[in-house]
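**Q** Compute the structure for the input listed below.
(chains A and B)
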Amino acid sequence: MAERRLFGRAAARGLARGVVTALATTDTVPDRIPGSPEAERDALVLAVAQAGAELEALQSGSSGAASEMLGFQIALLSDEELTSPALAAIECGRPAPLAWTEAMAAEIAGYAEAEDDYFAARTADLEDIRDRVLALLTPGTGQVAVPGGAVVAAADLPLSRFLAIDWREGGAIVLTGGSPASHVAMLARARGVPMVVGVGGSAAALAGCEVLVDAEAGEVVLEPGEASRAAFAARIGAQAAVVGAHAAFRTRPAATADGVAVSVSLNIADVAELERLDPAICDGIGLVRTELLFHGTGALSDEAAQYGAYRRIAEWADGRPVVIRTLDAGGDKPIPGVTITGESNPFLGVRGIRLSLHHPKLFLVQLRALARAAVHGDVRVMLPMVTVPDELAWARQMLNAALDELAEAGIPARRPRLGMMIEVPAAAIAIEEFDADFFSIGSNDLTQYVTAAARDIGAVAELADPGNPAVLRLIASIARHGREAGVDVSLCGDAAADPAMTDRLLRAGLRSLSVAPSAIGPVKQAIAAVDLHGCAA
Amino acid sequence: MNDAPAGMEAAGSAELVNAVGLHARPSVKLTKLAKRFECRVEIALDPSGPWMDAKSPVKVMRVKAPLGAVVHVRAAGPGAPAAAAALLQLIRDGFGEEPHSAAGGGHG
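**A** The predicted structure follows:
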């Protein structure tokens, strides 16, 4: 058979090769002569109860997201509202399997037509419930066993079926339908099972085929030829080597080839990002963006909610420093009701600390929450877009006011260290004018202000290069000032996460970088390749 | 929330703030909470209805309430004010889930 390719959407990234096991989906319902309505009703009630018991057994063996998703199915199945249309049809003389399938079809259609992808994706859960009950109503319609490491092909994969498959030997999922928003796709991403959805055609036709599943590109190669096979094997090998090398560096303290220690911290925007991370991979959190806390209805913009979020981050860090940036809205980050709309040049307008000056109450609430969270760890407060020393002085007064208020009210609080971002050239050039407790270079904005080129304007994006000598000289002068004045200097822009920039940043004198969680391994590896022998800094 | 006589009727509304709206897990939490009260509890996206039984996960899912939708809650019977208040609080708290986070990553 000649090589063929199917194209779909990647729902869980990864590469896998294997032989297809096709799972049939229920499309024909055994139509039989119904028994008495009482007998049919009893059969359905029993099957629903058994299905519920099966799901509860599955749930007791699972945890986290899988357990919650099964809980959803159990809740639906134990709701009389789900079975009542089928029971009504049985009263009218329908056999139980048909009555059940038809009633579920109506419920599923209601979800399928939802405009919201998330609700539409819940059809898979209802189909899962339908098939489980149906299998109990019509014994003998057994399920195909899935061998370890198989590529599972189906129209859609029910959640409970996914959980019943042993993925430890690898494998992948190819769906002719399906959705990246389904519960199964979420679990596949969490467990690292490559998954491609929406390839079309018939799953049964793929049974027994050897396939290469490229869930990076959303492509499936059927009966691959020698060339495709070799290229794919090379990609799998390269990926495994890269992942393995990065993993080896992740939990080690970072140091250059000649043994100079470098601090590597995390940038995060949401507490949820920390859930699956081991604090041992970093030396702290170098940047917590707080803009997301202020979005939506402002539900999180109250003090208690902010305090809760900051405290959770501080507790996760377990004594390591946590640098939390005060609201940095404006520019490319508008917040309805807070930022000013219609500025002719928002990047040169009211943003960062300038916006806080316009909203002192909002700022005070954030400082109170930060001072309270500082009781639970080494919380540090960082001000964005500081241009003149007066802004720093004003923020310190506000922090004093927040601490006084809290002390008066008898609320536990601690004075956090107060530092600033260096992203405005005026601050970078006259760095010695600012008596901040620490500095963090925001290389994205600093670069675009120094080069007068916006990163989001394609025609000039190349000019916005953090490797520009002018930017590197500023970084070097800030690092030198930090060493001389005994003030910590870090860098938290995208340049910190770019292995191609690592050597130049360390040579400029930086010894602290803050990067996204996924960049920790690659950056530590890049640091290990740098040799600073003979480098003055 | 209006000041109905204790144990009779209560109503109010709250906006959905969790990322994906009143979906699978939140609807399970909502119905479980509603079932702890003896009174009738209903929800709707429009104060003029249709009103759905807040104790039925199947019916709550049929509402398909997305992020940003305002959910109206009404309760009638014993403990109605407490029931309405509890449900509204759960909705305002985003069901203990992460808030909506579709905003851009922002510059460092």
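
**Q** which residues sit in contact with residue 73?
**A** Picked chain A for this. A:Leu55, A:Asp125, A:Asp128, A:Ile129, A:Leu159, A:Ser160 (CB atoms under 8 Å, 6 or more residues apart in numbering or on different chains). To be clear about C-beta, it is placed using only N, CA and C from the backbone, and glycine gets the same treatment.

**Q** Let me rephrase: I mean chain B.
**A** B:Ala11, B:Gly12, B:Ser13, B:Ala14, B:Val41, B:Glu42, B:Ile43, B:Ala54, B:Ala84, B:Leu87, B:Leu88, B:Ile91 are the contacts of B:Val73 under CB under 8 Å, 6+ apart.

**Q** Likewise for A:Val489?
**A** With CB under 8 Å, 6+ apart, A:Val489 has these contacts: A:Phe438, A:Phe439, A:Ser440, A:Ile441, A:Ile478, A:Ala479, A:His481, A:Gly482, A:Arg483, A:Leu510, A:Ser512.

**Q** What helix or strand is it located in?
**A** Take DSSP states H and E as the rule and A:Val489 turns out to sit in strand A:488-491.

**Q** Helices of chain B, residue ranges please.
**A** B:24-35, B:57-62, B:80-92 (DSSP state H).

**Q** in which helix or strand would I find A:Tyr307?
**A** helix A:303-317.

**Q** Mind checking what secondary structure the residue minimising distance to the centre of chain A has?
**A** Using CA atoms, centre = their mean, the residue of chain A that lies closest to the mean C-alpha position is A:Glu273, 6.1 Å off. Taking DSSP: H, G, I helix; E, B strand; the rest coil as the rule, one finds A:Glu273 in the helix state.

**Q** Let's have the helices of chain B in TSV, adding mean pLDDT and mean neighbour count.
**A** Below are these laid out as TSV (pLDDT from 0 to 100; neighbours: other CB atoms under 10 Å in any protein chain shown):
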stretch	mean pLDDT	mean neighbour count
helix B:24-35	91	21
helix B:57-62	90	24
helix B:80-92	92	20
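
**Q** Turn the ones you listed into TSV, including distance to A:Ala459.
**A** Listed next are the helices of chain B as TSV, based on distance: least, CB to CB, whole Å:
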stretch	distance to A:Ala459
helix B:24-35	45
helix B:57-62	48
helix B:80-92	46
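
**Q** related to what we said a few turns ago, filter the contacts of A:Val489 to the buried ones?
**A** A:Phe438, A:Phe439, A:Ser440, A:Ile441, A:Ile478, A:Ala479, A:His481, A:Gly482, A:Leu510, A:Ser512 (16 or more other CB atoms under 10 Å in any protein chain shown).

**Q** count of neighbours near A:Gly35?
**A** Using other CB atoms under 10 Å in any protein chain shown as the criterion, A:Gly35 is surrounded by 14 other residues.

**Q** Likewise for A:Gly192?
**A** 11.

**Q** Just give the closest residue to it, not the sequence neighbours.
**A** Spatial nearest neighbour of A:Gly192, excluding adjacent residues (CB to CB, 6 or more residues apart in numbering or on different chains): A:Gly14 at 6.2 Å.

**Q** mind checking how far that neighbour is from A:Glu216?
**A** For A:Gly14, the distance to A:Glu216 (CB to CB, to the nearest Å) stands at 7 Å.

**Q** The two: which is more packed in?
**A** The neighbour count for A:Gly14 versus A:Glu216, taken as other CB under 10 Å, is higher for A:Gly14 (20 against 14).

**Q** show me what contacts that one?
**A** A:Gly14 touches A:Ala172, A:Gly192, A:Val193, A:Pro194, A:Met195, A:Val213, A:Ala215, A:Glu216, counting by CB under 8 Å, 6+ apart.

**Q** could you pull out the helices for the stretch 351-500 of chain A?
**A** A:353-358, A:360-373, A:389-409, A:425-429, A:443-451, A:469-485, A:499-507 (DSSP state H, counting those that start in this stretch).

**Q** Tell me which of those helices sits most buried.
**A** helix A:443-451 (a mean of 23; mean count of other CB atoms under 10 Å in any protein chain shown).

**Q** right, quick check: that helix against chain B, any contact?
**A** Yes. Using CB under 8 Å from any CB of the partner chain, we find that helix A:443-451 touches chain B at A:Ser443, A:Asn444, A:Asp445.

**Q** Can you get me a residue count around the residue lying closest to A:Asp318 once chain neighbours are set aside?
**A** Leaving aside its chain neighbours, A:Asp318 sits nearest to A:Pro279 (5.3 Å; criterion: CB to CB, 6+ apart). Residues near A:Pro279, counting by other CB under 10 Å, number 15.

**Q** Ok, A:Ala172 next?
**A** The tally of other residues near A:Ala172 (other CB under 10 Å) stands at 28.

**Q** Quickly note the distance from A:Ile457 to B:Gly49.
**A** In terms of CB to CB, A:Ile457 sits 50 Å off from B:Gly49.

**Q** meant to ask about A:Ala145, not that
**A** 49 Å.

**Q** What of A:Ser202?
**A** From A:Ser202 to B:Gly49 the distance is 44 Å (CB to CB).

**Q** same check, this time on A:Val133
**A** Distance from A:Val133 to B:Gly49, by CB to CB: 31 Å.

**Q** before we move on, what about A:Gly486?
**A** Taken as CB to CB, the span from A:Gly486 to B:Gly49 is 67 Å.

**Q** Next: A:Glu405.
**A** 46 Å.

**Q** Same question for A:Asn345.
**A** 49 Å.

**Q** repeat for B:Leu16
**A** In terms of CB to CB, B:Leu16 sits 18 Å off from B:Gly49.

**Q** What of A:Leu472?
**A** 65 Å.
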